[in-house]
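Student: my questions are about this predicted structure, shown below with the sequence.
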Amino acid sequence: MNEMTVTPEQKALLDRFLADNKLFYAPDPEIMEDHRIGPRSAQEEALLSQPQDPHKINEVRGLVVAALDESNTMIEQMGAAPGAKWGDMTTAIFTAAGDLSMIAPHGVGGFAAAVFYPIKFVIKHWTDEPTVGIRDGDGFIHNDARYGGIHNTDQSMMMPVFWRGRVVCWISATIHEGENGSCEPGGMPAAAESKFDEGLKMPPFRVVENFELKRDLVTFLQNSVRDPKLQLEDMKVRLHSVLRLRERIIAVLEEHGEDALVVTLRQHIEDVVQEVHRRIRELPDGTMRTVSFADSTLRESALLKLNMALTVKGDRMIVDMRGSSPELLNRSINACQASFKTMLFTGFMQNIWPDLPFTMAVFTPFDFIFDKNSLINGSFDTPQAMSLIPLFKTMTLACIPMAKFNYGLPNRYTAIVAPQYDQPATLIYGGLTQHSEYTGNFCADINGMGQGGRAHRDGEHSVSPPFAAHCDLGEIELMEEDLPMVRLGAFTLARDRVGFGKHRSGLGYEQIHTYRRSGLWGFMTGCSGSLFSSSQPLFGGYASPAYPLCKIKNINIFDELKKNPEKFSFDMIELMNTQPFEGASYSTHSMGMTFELAAPGELYMMCQGAGGGYGDVLQRDPGLVIKDLEENLISNDTARDIYKVVFDADTQVVDEAATQRLRAEERAARKARGVPYDDFVKTWVTAEPPAHLPYMGCWDNAEEVYGINAGQRVKMPGTALQSQFMLNPKDLRIAELEAELAACRKAQASGRQA
Amino acid sequence: MKVLITENLRIDLEKELWECRHCAAALIGARDNYKRGLLVYDRDPREIHKPLLDPSKYPFTYSPDPRWCRILEYYCPQCGSMIETEYLPPGHPPVRDIELDIDALKGQWSSRDEVTEAPVGTDPPRRLHSHDHGHGHGHGHDHGRGARK
């Protein structure tokens, strides 16, 4: 075959033609696969090669942070989205090149750490595009995580700040909006089988001109979602918080000049990069490994592996995620690598280096290795609406390997902590409110997760989500004014649902939900961890338990409360075990439930999870075990059987000598039942996953990955992962029932013949 | 010199040995997988995370499903301390969780003082009270620097 020769002139012509005639501005891999800060601009280089005044930088930084705090507070005060009321938002400032420099002090950093991707997209693709361009007064909206983001419920407003005719920085405001027109209400559809089921899918586009929202575009967006009021209100809120932030930045420019702002924003992130290199250099060289398993696709049970190896070499950190589960073509729990990096970074900031400034520059010294088309490096075509399943695990995934890197350091930057509960255990709701308005969103219980046990003390109860220490739980009374939901049980710490250890985890709380005064209302949940413990333990502690979804159906609890109020208990375990309401149906389920309509007064009950326990249970101070008993956090059985504490059940006085004896007996029993590792491995390890397990990910070799394609187990090289196609669970159930029916008919026929 | 690696393990750099921190037992060579120096037990998770809902009534009870999830408990062969736990599906190879470059470790600690008791560090920032700025004020515990000799 003749090879076509192209002259440099022809090549240039071809390149220009292709640039001028781009078919589709899809997510740009060059942007989406680069988490590092860019090189200095010529202006930054010129300024930063001069001696700097650290006092000036500190002063400007203080003004910028104060402005970010103010604009974030504006969202908190004015935002209409439930997420905004609980703190699921942030404002942020970026360099002129789009690198994240600073966020609001109480903002959700993950949002800002994802927004630099769409800003870089706008800079690269819209600046010179004649039909778009970037002008003073423009504002760009975005929600599609494929262009940068955590998931598509989060909407951002991004605005360039012009000074003397050119962009000196970018600013943004992001809110977890929730409702976005997806196939299930609330914006996080577990039922999405393709990206086209995910609702609004906004690449970055201009929605503000001359500092005003373009009403035609706003109307288009309102027309695409279930809650047009929410869409309009929060677009205004984001715009006006960004405008206030802009005013403050302009004031900084007027007072201190452009150079001071440019130097501050850039120096801030370069200092962070330098400090992170120094911190990595302090760690021992080597590799630490961990695994984590999600046990649900939210449509069926399946064991999906996240496989992590962290390697430190000198001042670089390598995050190797090869061997993780393959992506699922028709399930919504995939995440793209930018989302994965953002959430891993968020976990580092919450648990490992919380004292560092919150900028994505922290990860500039990090290298990443992924299998292509894995669950956490999903292709742009996979649905990613419930990326939270792997991403919540991602936030705590590094806690265990980093604890092993950090443990021996002479100085620590924070306490070592076992993983926090790592699944979004909350109800997502939707329907018609008592005010006759359609809505869909999620409950703030997601922010009430138990912390893991710590090196020096127990974990905190229901403290925060794993992505932001500052998020609040929201006011139930406020929620009940807007929605037909009634939360009959709330904030009851769930006894014995704890990660046991020398230092136990914090506990999660129970939630008992129902509704009334609506003709159309329903719930969904998007959570794994009902078969396999979610939060992993540290240094010999135990994990969280597994958590089911409990339902009491065919009942109207409001009628029952009128007739027999004494039958109701605020303890879901008691309700489920005693089954006090006649005629009601009681059931437990996996915590992955697609949207279903409920009848008024039916009960949906779940529990926020505990973190992982820290250290050997036999080393727990018996006094702390008794304190747990006094606070009703554990049962007498747990104190005796798990912690091996002997005490008088009436007085709760510990018998110290008997406890020592019991613990010594248990240590002896461990030695008697334990098998030397090499012998154990010979009988324990199987060549491949057990046949009964729907298993996805590597087994003994990170280069070979198992999947389930159309119901059949497959094994693939990690370098050539195929998207896995899942069968419809309803089809499988129908086939199962048809087979049962056929067997019955056959038995009946043979009975007749006999 | 001995370097702390976890709550339960340290490495004797001179002897190149993994040691139990609770009884000083020498477990195995520092360049080896420390788990090879321990005893292991395959624990049914229902014994630890006991069913809270009646198993005769419900398929999901708060206990992990033993057909999906097992707990590997690793014990010190001398004192019986729980050195590590690992939650794995049945038959899954135990993870080689710690693999250190011992020569680099020796070089790194040649210029450091020995640390015999792990430092605490500050807690992650929590909004504990209105004037907390995330610097750990008012947490009521040691802020930080460990005992060094």
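Tutor: That came through, no problem.

Student: the residue in chain A positioned nearest to chain B: neighbour count?
Tutor: Nearest to chain B, among the residues of chain A, is residue A:674, at 2.6 Å (Cβ to the nearest Cβ). C-beta coordinates here come from the backbone N, C-alpha and C atoms, glycine included. Residue A:674 sits with 19 neighbouring residues when counted by other Cβ atoms under 10 Å in any protein chain shown.

Student: one more: residue A:712?
Tutor: 8.

Student: cool, and residue A:493?
Tutor: Count around residue A:493 with other Cβ under 10 Å applied: 20.

Student: again, but for residue A:5
Tutor: Neighbours of residue A:5 under the rule other Cβ under 10 Å: 6.

Student: look up how far residue A:11 lies from it.
Tutor: Distance, residue A:5 to residue A:11, using Cβ to Cβ, to the nearest Å: 10 Å.

Student: and if you look at residue A:179?
Tutor: Distance from residue A:179 to residue A:11, by Cβ to Cβ: 48 Å.

Student: of those two, who's got more company?
Tutor: The neighbour count for residue A:179 versus residue A:11, taken as other Cβ under 10 Å, is higher for residue A:179 (26 against 10).

Student: list the contacts for the more buried one?
Tutor: Contact analysis of residue A:179 by Cβ atoms under 8 Å, 6 or more residues apart in numbering or on different chains lists A:153, A:185-187, A:225-227, A:230-231, A:430, A:439-441.

Student: again with residue A:112
Tutor: Counted by Cβ under 8 Å, 6+ apart, residue A:112 has contacts A:90-92, A:100, A:103, A:172, A:174, A:358.

Student: among those, which are in strands?
Tutor: Using DSSP state E, the subset of the contacts of residue A:112 located in strands is A:90-92, A:100, A:103, A:172, A:174.

Student: just send those residues back as a markdown table, with pLDDT, distance to chain B and neighbour count too.
Tutor: Shown next, in a markdown table, are the ones in strands among the contacts of residue A:112 (pLDDT from 0 to 100; distance: Cβ to the nearest Cβ, whole Å; neighbours: other Cβ atoms under 10 Å in any protein chain shown):
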| residue | pLDDT | distance to chain B | neighbour count |
| --- | --- | --- | --- |
| A:90 | 94 | 15 | 29 |
| A:91 | 96 | 18 | 29 |
| A:92 | 97 | 17 | 30 |
| A:100 | 97 | 19 | 27 |
| A:103 | 95 | 13 | 27 |
| A:172 | 98 | 22 | 29 |
| A:174 | 96 | 20 | 30 |
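
Student: which strand residues bridge the residue of chain B found nearest chain A?
Tutor: Closest residue of chain B to chain A, Cβ to the nearest Cβ: residue B:39 (2.6 Å). Taking DSSP bridges, one obtains residue A:676, residue B:75 as the residues bridged to residue B:39.

Student: where exactly do the helices run in chain B?
Tutor: Ranges of helices in chain B, per DSSP state H, are B:102-109.

Student: shaky segments in it?
Tutor: Flagging of chain B using pLDDT under 70 yields the residue ranges B:122-149.

Student: what about 90?
Tutor: Within chain B, the segments meeting pLDDT under 90 span B:117-149.

Student: where along it do the strands fall?
Tutor: B:2-4, B:9-12, B:17-20, B:26-29, B:39-43, B:70-75, B:82-88, B:98-100.

Student: which strands and helices sit next to the last one?
Tutor: Contacts defined by 3 or more Cβ pairs under 8 Å, 6 or more residues apart in numbering or on different chains; DSSP states H and E place strand B:98-100 against strand A:286-296.

Student: who's in contact with the residue of chain B closest to chain A?
Tutor: A:670-671, A:674-677, A:680, B:74-77.

Student: tell me the contacts of residue 78?
Tutor: Using chain A. A:84, A:237, A:240-241.

Student: wrong one, chain B
Tutor: Going by Cβ under 8 Å, 6+ apart, the list of residues near residue B:78 reads B:20, B:23, B:25.

Student: quickly list what the first one is bridged to.
Tutor: Looking back up the chat, that one is residue B:20. Residue B:20 has these beta-bridge partners by DSSP bridges: residue B:9.

Student: I figured it was touching residue B:84, is that so?
Tutor: No - under the criterion of Cβ atoms under 8 Å, residue B:20 makes no contact with residue B:84, lying 11.4 Å away.

Student: now for those two: what residues contact both?
Tutor: residue B:8.

Student: more crowded one of the two?
Tutor: Comparing residue B:20 with residue B:84 by other Cβ under 10 Å, the one with more neighbours is residue B:84, at 26 against 23.

Student: need the contact list for the nearest residue to the more buried one once chain neighbours are set aside.
Tutor: Nearest residue to residue B:84 in three dimensions, chain neighbours excluded: residue B:74, at 4.3 Å (Cβ to Cβ, 6 or more residues apart in numbering or on different chains). Each residue near residue B:74 by Cβ under 8 Å, 6+ apart is listed here: A:540, A:674, A:677, B:35, B:38-40, B:82-86.

Student: one more: residue A:442?
Tutor: Here residue A:442 is in contact with A:82-83, A:178, A:186-188, A:426-429 (Cβ under 8 Å, 6+ apart).

Student: switch the cut-off to 7 Å
Tutor: Taking Cβ atoms under 7 Å, 6 or more residues apart in numbering or on different chains, we find residue A:442 in contact with A:178, A:186, A:188, A:426, A:428.

Student: re earlier: kindly write the ChimeraX command that selects the buried subset of the contacts of residue B:39.
Tutor: Those of those that count as buried under 16 or more other Cβ atoms under 10 Å in any protein chain shown are selected in ChimeraX with:
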select /A:670,671,674,675,677,680 /B:74,75,76,77
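
Student: and which of the contacts of residue B:39 is nearest to residue A:366?
Tutor: Closest approach to residue A:366 among the contacts of residue B:39 (Cβ to Cβ): residue B:74, at 30.0 Å.

Student: residues from the stretch 251-400 of chain A in reach of chain B?
Tutor: A:284-291, A:295, A:303, A:350-351, A:354 (Cβ under 7 Å from any Cβ of the partner chain).

Student: let's see it at 8 Å
Tutor: Contact residues (Cβ under 8 Å from any Cβ of the partner chain) of the stretch 251-400 of chain A with chain B: A:284-291, A:293, A:295, A:303, A:350-351, A:354-355, A:400.

Student: and stretch A:481-501, how far apart are its ends?
Tutor: Using Cα to Cα, to the nearest Å, one end of stretch A:481-501 lies 41 Å from the other.
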